Structure formats: structure tokens, C-alpha cells
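>>> the sequence and its predicted three-dimensional model are supplied below.
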Amino acid sequence: MKLSKIYLLLGVVMLTLSGYAQSISSEMVEFQMLKAPKTPIEEANRQYRVVVTSPYNLKAEDVNAQSKLDFQAEQKNYAKVLAESEKAFQEMTKNHDVEVAKAKEKFELESAEFKKLSMLERLTMTEQGKNPKLVTPAKPNYIKPAEPVYREPNLNNYIIVDNNVLASQITIDGFSREGSYVDVAVDIQKANFQDNAGQTFANQPTKIVVKVNGIEKINSVFFKDFKFLSSAPTNNINKPLEEKNHLNKVMAFINQFLNDNFGYQSIKSSVKLSSVKNKGKYDDLEKASVYVTTNLRKLNPQNPQMTAAGMTGMQKGIDIWKETLTKVVYKDKKADFNEKIAEFVYFNLIRLHLALGKKTEAEKYLNEMQENIINLNLSYDEQNELKQLETQIYKG
């Protein structure tokens with residue numbers, strides 16, 4: 001066969017194969033969604049009030065004022081510190097003179113004994129470094145105590161809050177402070193530090209009481225048990241700073257606890273979606289991908305109107321995917337809409353509905369995919385993903 005004919009035949013084969021291949025790619029699409037609380041509250045009643053009681057009532061001006069008083073006390077005491085340091089130096093000098101005299105006396109005695117030895121014995125001791133030596137203690141130097149210098153206190157080391165500030169730091173997502181339908185009372189005790197095997201442990205009993213429309217729903221105490229804080233003992237830690245850090249930990253817990261129970265939180269999520277890029281016959285599928293990904297990113301739990309518009313726009317893409325499944329010819333790999341198209345569409349429908357918390361819809365498409373599983377040529381990774389999706393649908 002002539003070389004030109006071989007090239008022509010190969011070209012025809014490659015053209016034919018390219019006509020049957022679909023360029024399928026995947027991307028992770030990030031979006032926001034609403035996390036429902038354990039105790040739902042009707043939208044019209046989403047108002048709350050927080051009252052905090054605690055031992056904390058410190059202001060920045062209080063810290064600064066105390067710092068200046070401490071500095072004035074240091075200045076007033078400086079003359080005494082100076083006199084004591086001079087007296088201590090005189091004692092050290094006197095002791096030094098005594099120690100020098102003792103060292104000389106010892107050297108003279110050792111030298112006298114050394115001279116009594118034979119020349120060979122003296123030579124041997126000298127080689128071994130055991131011959132008498134005069135060792136006198138270093139003369140003490142006087143270091144004058146530094147005069148007091150005022151430095152602004154590091155406010156980061158202090159717990160500068162009061163009960164009103166603490167109450168303002170407690171928020172329930174999706175609620176306003178315009179009422180007290182949800183009434184929250186928080187009592188925070190002072191942090192306690194405890195030594196155990198050279199390490200520091202801490203507790204800070206915190207009581208949370210929540211009433212909904214006057215009915216008590218929560219009455220619990222947290223942080224009662226001593227928990228590990230530092231590998232250093234209590235006398236080696238900065239207690240004000242450690243208490244401040246521990247209080248921040250308590251406040252973070254209170255916010256998360258209340259939001260888990262009552263808040264309507266916006267959480268970031270992501271979902272893997274696939275699309276086909278070939279132009280022409282797959283334009284609708286590419287359009288579906290745009291509909292879904294664009295509108296998925298529009299979801300905004302804090303803006304119900306935008307979220308509703310996003311869901312409507314997304315449904316257009318979902319409808320195209322569903323319609324595409326009706327065109328699939330499973331046993332014809334050369335078909336435009338073959339089993340590869342069905343695979344990525346089914347995976348998209350299952351992943352998307354699962355990510356949106358719509359397990360019933362996700363289960364429906366999972367069942368459809370499993371009915372056609374004999375016609376799908378899933379890879380090892382795809383089989384594993386399908387099992388994982390199934391587990392997520394049926395758990396809890």
C-alpha cells in the first residue's frame with residue numbers, strides 16, 4: 001500500500017474517533033448555603049436578647065491609671081532601692097577582701113608543703129596541673145539600679161471588657177436584637193488555674209440559660225472540668241493573658257453553641273461538577289453547566305430573594321441535564337449521547353442535590369443510575385465515588 005494511502009486511512013480513522021469523543025472536564029464550584037438550626041424559629045419571631053453576668057468590669061483608663069500609680073510608687077521607692085544596692089555592694093567588697101586573704105593563706109600553705117616534696121614529685125604534680133596556684137575571686141563591680149522609666153501598659157495583656165461588651169459579642173445569625181422572643185442569660189465565672197504534675201490546668205464554669213417565648217429550652221453549665229492549659233506551672237504563666245485567652249475561647253464556644261441551636265448560619269460549601277466542552281451537539285450541555293455554576297454562586301442565605309432567583313436559574317440547567325438523559329443510547333459508544341454522557345450527568349445530578357441538602361432528589365437519581373449501571377463503564381475511582389455518595393445519602 002502506498003504511503004499516501006496509509007496517511008489518508010489514518011486520517012479518516014482519527015477523524016472518526018474524534019467525532020465520537022467527548023471532552024469532559026470537572027471543576028469544584030464553591031457556594032454558600034444555609035445551615036438549619038436544631039431548634040427552628042419562625043422568621044417573624046427571630047429576635048433575641050442577651051444578658052451577661054461576670055466578674056469582669058475593667059476599662060482601659062483603669063489600667064492606665066493603675067500603671068501610673070505603680071510608676072509613682074517605683075519613683076518614690078527608688079532612693080531606698082539605691083541605698084540597699086550600695087549597702088549590698090559594700091558587703092560584697094568586704095567579703096571579697098576576706099576571700100582574697102583566705103585564698104593567699106591557702107596558697108602559702110600549699111606552697112610550703114609543695115616545697116617539702118622531692119624534685120621528681122614536684123615535677124610529676126606540675127605536669128599533672130596539681131601544683132599550688134593562687135586563685136583569687138573576681139572583684140565585684142557595682143551596677144547601679146536603673147531609674148524607673150514609665151512605659152505604657154500593653155492592653156493586650158488585660159481583660160478590658162464589662163458585661164455589656166460581652167453581651168454585644170454574642171450574636172445569633174439570622175436574628176435581630178429588636179425583641180426577646182429568644183431570651184439568653186449567660187453567667188461566666190472567673191477562670192481558675194490549677195497545678196498538676198508541673199503543668200497548668202484551667203476551668204471557667206459558664207452557665208447558659210435560654211428561654212424561647214418564655215419557655216426554658218436550655219439550662220446547662222460548661223467548662224466545669226479542669227482542662228490542660230500550659231506545660232508550665234501556674235507560677236510561670238502570665239495569668240491575666242491566659243485568662244483573657246481562655247475567656248475568648250469561652251465566648252467563641254457560646255456563639256457557636258447558640259448558633260448551632262438557633263442560628264441560621266451561612267456556611268461555605270463546594271461541589272464537583274462536570275461539563276462537556278465540544279461545540280455543536282453539546283451546546284445545550286455547556287449551557288446547562290453555565291446555568292448551574294453561575295446560579296449556584298448566587299446563593300446567599302442572607303438574601304432570600306437572590307437565593308430564590310439562583311434556584312430558579314439553576315433549575316434551567318437541571319432540566320437540560322434531565323432531558324439529556326432521555327437522549328442517551330447506552331449500547332452505542334459511537335452515539336453523540338452515549339454512556340459517558342449519562343455518567344457525568346448522573347454524577348452531576350447526585351452531587352448537586354446532595355450538596356444542596358436535597359437527599360430525596362439525590363436518591364432518585366442514584367436509583368436511576370444504578371438501574372443503568374450495567375450499561376455504564378465506571379472506572380475504579382468512579383465506582384468508589386458512587387459508593388461514597390450512596391453512603392452520604394443514606395447516613396443519618
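Noted; the coordinates are in hand. These figures come from a predicted structure and were not determined experimentally. Numbers count the residues shown, from 1 in each chain.
>>> every contact and neighbour count from this point should use C-alpha atoms.
Fine.
>>> any idea how far stretch 188-208 is from the chain center?
If you compare the mean C-alpha spot of stretch 188-208 with that of the full chain, they lie 22 Å apart, counting by Cα atoms, centre = their mean, to the nearest Å.
>>> give me the next element, helix or strand, following the helix or strand that contains residue 340.
Counting by DSSP states H and E, the element that carries residue 340 is helix 339-355. Going down the chain from helix 339-355, the next helix or strand is helix 359-371, by DSSP H and E.
>>> contacts for that following helix?
Helix 359-371 has contacts (Cα atoms under 8 Å, 6 or more residues apart in numbering) with 343, 346, 349, 350, 351, 352, 353, 354, 390, 393.
>>> mind listing what's buried in it?
Neighbour counts using 16 or more other Cα atoms under 10 Å place 359, 362, 363, 365, 366, 369 of helix 359-371 among the buried residues.
>>> can you check stretch 165-172 too?
Going by neighbour count (16+ other Cα under 10 Å), the buried part of stretch 165-172 is 166, 167, 170, 171, 172.
>>> would you reformat those as a markdown table and include pLDDT and secondary structure?
Written out in a markdown table, the entries for the buried residues of stretch 165-172 read as follows (pLDDT from 0 to 100; DSSP: H, G, I helix; E, B strand; the rest coil):
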| residue | pLDDT | secondary structure |
| --- | --- | --- |
| 166 | 97 | helix |
| 167 | 97 | helix |
| 170 | 98 | coil |
| 171 | 97 | coil |
| 172 | 97 | coil |
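>>> closest to residue 97 among these?
Nearest to residue 97 among the buried residues of stretch 165-172 is residue 166, at 63.1 Å by Cα to Cα.
>>> excluding residues flanking it in the chain, which one is nearest that closest one?
Nearest in space to residue 166, with sequence neighbours left out and distances taken as Cα to Cα, 6 or more residues apart in numbering, is residue 52 at 6.7 Å.
>>> that older thread, let me see the mean pLDDT of the helix holding residue 340.
Predicted confidence along helix 339-355 averages 96 (mean pLDDT).
>>> against which helices or strands is that helix packed?
strand 265-276, helix 304-325, helix 359-371, helix 380-394 (3 or more Cα pairs under 8 Å, 6 or more residues apart in numbering; DSSP states H and E).
>>> what's the angle from the second one to helix 339-355?
Going back to what we said before, that points to helix 304-325. Interaxial angle of helix 304-325 relative to helix 339-355 (axes from the mean of the first three to the mean of the last three Cα atoms, to 10 degrees): 150 degrees.
>>> coming back round to it: which of the contacts of helix 359-371 sit farthest apart?
Comparing the members of the contacts of helix 359-371, the greatest separation, given Cα to Cα, is between 343 and 393, at 18.2 Å.
>>> output the helix or strand hosting residue 33 as PDB, nothing but the C-alphas.
Assignment of secondary structure by DSSP H and E places residue 33 within strand 24-35. Once non-C-alpha atoms are left out, strand 24-35 reads as follows in PDB (Å, rounded to 0.1, in the frame of the first residue of the first chain):
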ATOM      1  CA  ILE A  24     -15.400  16.100  29.700                       C
ATOM      2  CA  SER A  25     -13.800  18.200  32.400                       C
ATOM      3  CA  SER A  26     -14.600  18.800  36.100                       C
ATOM      4  CA  GLU A  27     -14.300  21.800  38.500                       C
ATOM      5  CA  MET A  28     -15.000  22.500  42.100                       C
ATOM      6  CA  VAL A  29     -17.700  25.100  42.500                       C
ATOM      7  CA  GLU A  30     -17.800  27.000  45.800                       C
ATOM      8  CA  PHE A  31     -21.100  28.400  47.100                       C
ATOM      9  CA  GLN A  32     -22.900  29.400  50.300                       C
ATOM     10  CA  MET A  33     -25.800  27.600  51.800                       C
ATOM     11  CA  LEU A  34     -27.900  27.900  54.900                       C
ATOM     12  CA  LYS A  35     -27.300  25.600  57.800                       C
END
